[in-house]
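Q: what follows is a predicted protein model with its sequence.
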Amino acid sequence: MALQAMVSEPVKPVLDVVLDGALYVSQSDRGELVMGGGTDVYISYAQRSGIQRVEDNMAALIDLFPAFGRLRFMRQWAGLVDLTPDASPIIDASP
């Protein structure tokens, strides 16, 4: 599935942790917010971003941090990730 990410313009330090949930967001050493979340709702081998996922990610970010509503994003990208059918990272037998 395609996993999408995006990066913002540099801002002063505001996050010193990685927030992970429906959306993940962290701040790089250069001040850029790196965020992404969720995979596309359909299985595809396309490595391009979809506007619906970008809008959903932005809405989730603004819900968490309303002040980021004026933030500009410089670029976005997508890449393929392998997922198990239930999206669980455990793929081996457990005791």
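A: Okay, I see it. As the structure is a computational prediction, the values presented were derived from the model and not from experiment.
Q: now do the lowest-mean-pLDDT helix or strand in the chain: which elements does it pack against?
A: Counting by mean pLDDT, DSSP states H and E, the weakest-scoring helix or strand in the chain turns out to be strand 33-39, with a mean of 81. Helices and strands in packing contact with strand 33-39 are listed as strand 2-8, strand 24-27, helix 51-64; criterion 3 or more CB pairs under 8 Å, 6 or more residues apart in numbering; DSSP states H and E. (Glycine included, C-beta is placed from N, CA and C.)
Q: average pLDDT for the first one?
A: Along strand 2-8, the predicted local confidence has a mean pLDDT of 84.
Q: parallel or antiparallel, list what pairs with that strand.
A: Take DSSP bridges as the rule and strand 2-8 pairs in its sheet with strand 33-39 (antiparallel), strand 73-80 (antiparallel).
Q: C-alpha coordinates for the shortest one, PDB please?
A: When you say that, I think you mean strand 33-39. Listed next in PDB are the C-alpha coordinates belonging to strand 33-39 (Å, rounded to 0.1, in the frame of the first residue of the first chain):
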ATOM      1  CA  LEU A  33       7.400  19.300  10.600                       C
ATOM      2  CA  VAL A  34       7.400  15.900   9.100                       C
ATOM      3  CA  MET A  35       4.000  14.300   9.000                       C
ATOM      4  CA  GLY A  36       2.000  11.600   7.500                       C
ATOM      5  CA  GLY A  37      -0.500   9.000   8.300                       C
ATOM      6  CA  GLY A  38      -2.800   6.400   7.000                       C
ATOM      7  CA  THR A  39      -2.600   4.500   3.800                       C
END
